[in-house]
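Chemist: just a sequence and a predicted model for now, questions to come.
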Amino acid sequence: DAGVIQSPRHEVTEMGQEVTLRCKPISGHNSLFWYRQTMMRGLELLIYFNNNVPIDDSGMPEDRFSAKMPNASFSTLKIQPSEPRDSAVYFCASGRGGSYEQYFGPGTRLTVT
Amino acid sequence: RKEVEQDPGPFNVPEGATVAFNCTYSNSASQSFFWYRQDCRKEPKLLMSVYSSGNEDGRFTAQLNRASQYISLLIRDSKLSDSATYLCVVNNGDSWGKFQFGAGTQVVVTP
């Protein structure tokens, strides 16, 4: 079975550029989570969706970040404009409603220079 | 104060030995607790849930102490493959999907 798929796996971009991260959850899962992991702050929840609807976005750092889930099999996290402090590993995770287990994708390692 | 705190370690453990470590949480309303495992440069994976009565999965035992607001993980008969970072995860129940992750405890099992 395919797990959570994220693309790209690595992204290097210059400050000020727009960055779009993509996620395909596991088929049949109706919850999707975006996390950011850094050495300084650990793993932080940015936003999560249930049945394609954003439920809690209180972890989104600022207006430069936006996330969408247009359908059950696709989500994007966009940063515009990007800044060096956005450099981190961004994980997408999915799960079944009612279950607490989350399945993480391999992550996107973002470097903003 | 962080909502979920862990000793970062590393805990250096000889192969075959037992290692245990705790995680404290600040929100007394927290309802669900988990241990995840993360290998270097990999994604986190669920190791086990932590139940009020404590639970065991093979060589791994998890316990919850609500009075003192901590959970623990014990690994018996450590294997080299147990080397990883163990993340404590807490959900306080007011928002189903809002999981708080600890920074992790690193365990290094040596031959």
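Modeler: Yep, it's here. All figures in this text were calculated on a predicted structure; none of them were measured in a lab.
Chemist: how about residues contacting stretch B:61-77?
Modeler: Stretch B:61-77 has contacts (CB atoms under 8 Å, 6 or more residues apart in numbering or on different chains) with B:13, B:16, B:18-26, B:28, B:30, B:33, B:35, B:47-52, B:54-56, B:59-60, B:82, B:86, B:88, B:107. Heads up, the C-betas are built off the backbone N, CA and C, glycines and all.
Chemist: filter those residues by proximity to chain A?
Modeler: Counting by CB under 8 Å from any CB of the partner chain, B:Ser49 from the contacts of stretch B:61-77 sit close to chain A.
Chemist: now a ChimeraX select for only the buried ones of the contacts of stretch B:61-77.
Modeler: Buried residues among these (16 or more other CB atoms under 10 Å in any protein chain shown), as a ChimeraX selection:
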select /B:13,19,21,22,23,24,25,30,33,35,47,48,50,60,82,86,88,107
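Chemist: just the ones in strands from the contacts of stretch B:61-77, please.
Modeler: The members of the contacts of stretch B:61-77 that map onto strands under DSSP state E are B:13, B:19-25, B:33, B:35, B:47-50, B:55-56, B:60, B:86, B:88, B:107.
Chemist: now do the strands in chain A.
Modeler: Going by DSSP E, chain A shows strands at A:5-7, A:10-13, A:19-24, A:31-38, A:42-50, A:53-56, A:65-71, A:74-79, A:88-95, A:103-104, A:108-112.
Chemist: show me what the residue positioned nearest the centre of chain A is bridged to.
Modeler: The C-alpha lying nearest the average C-alpha coordinate of chain A belongs to A:Trp34 (CA atoms, centre = their mean; 3.3 Å). When bridges are called by DSSP bridges, A:Trp34 pairs up with A:Ile47, A:Cys92.
Chemist: need the distance between the two termini of stretch B:56-75.
Modeler: In stretch B:56-75, first residue to last residue: 10 Å (CA to CA, to the nearest Å).
Chemist: what about that stretch, average pLDDT?
Modeler: Across stretch B:56-75, pLDDT averages out at 96.
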